[in-house]
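Generate coordinates for the sequence data below:
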Amino acid sequence: MYVCLCVGATAQTVTDAVAAGASNSKEVAAMCGAGSDCGRCRCTVRSIIASASDAFGEVICPPDARLLQVV
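Next comes the predicted model:
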């Protein structure tokens, strides 16, 4: 399935970028181009990152984790 029509990136392309170490949409864009042009696919890219991270067993921090304080 195509995720980013601007660069022709598929869901597998994004998943491969995540497997190679991309952990956010900017890193995915740098690796494969998905999300680097018009930005309409960024939500889908983020969903793929989250799904892939879950599958790899990694901990995913909420977007506003920087607001949390360790006590």
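
Would you map the helices across the chain?
11-19, 25-32, 42-55 (DSSP state H).

Those helices: which one's closest to L5?
helix 42-55 (11.1 Å; C-beta to C-beta). For every residue, glycine as well, the C-beta is placed using N, CA and C.

List the contacts of that closest one.
Residues outside helix 42-55 that contact it (C-beta atoms under 8 Å, 6 or more residues apart in numbering) are 3-4, 11, 14-15, 18-19, 22-25, 28-29, 34-35, 60.

which stretch in the helices of the chain is the model least sure about?
When these are compared by mean pLDDT, helix 42-55 comes last with a mean of 89.

Give me the buried positions along that helix.
The neighbour-count check on helix 42-55 (16 or more other C-beta atoms under 10 Å) flags 42, 44-46, 48-49, 52 as buried.

quick one: it to chain centroid distance?
5 Å (C-alpha atoms, centre = their mean, to the nearest Å).

Now for the contacts of helix 42-55: which two are most distant?
The largest separation in these, counting by C-beta to C-beta, is between C4 and I60 at 21.6 Å.

Neighbour count for those two, which is higher?
Taking neighbours as other C-beta atoms under 10 Å, C4 and I60 compare with C4 leading, 26 against 11.

Could you pull up the residues touching that one?
Residues in contact with C4 (C-beta under 8 Å, 6+ apart) are 14, 33-35, 37, 41, 45.

go again using 10 Å as the cut-off
Contacts were defined as C-beta atoms under 10 Å, 6 or more residues apart in numbering; by that measure C4 touches 10-11, 13-14, 28-29, 32-42, 44-45.

Weed out the non-buried ones from those residues.
The neighbour-count criterion (16+ other C-beta under 10 Å) marks 11, 13-14, 28-29, 32-36, 41-42, 44-45 among those as buried.
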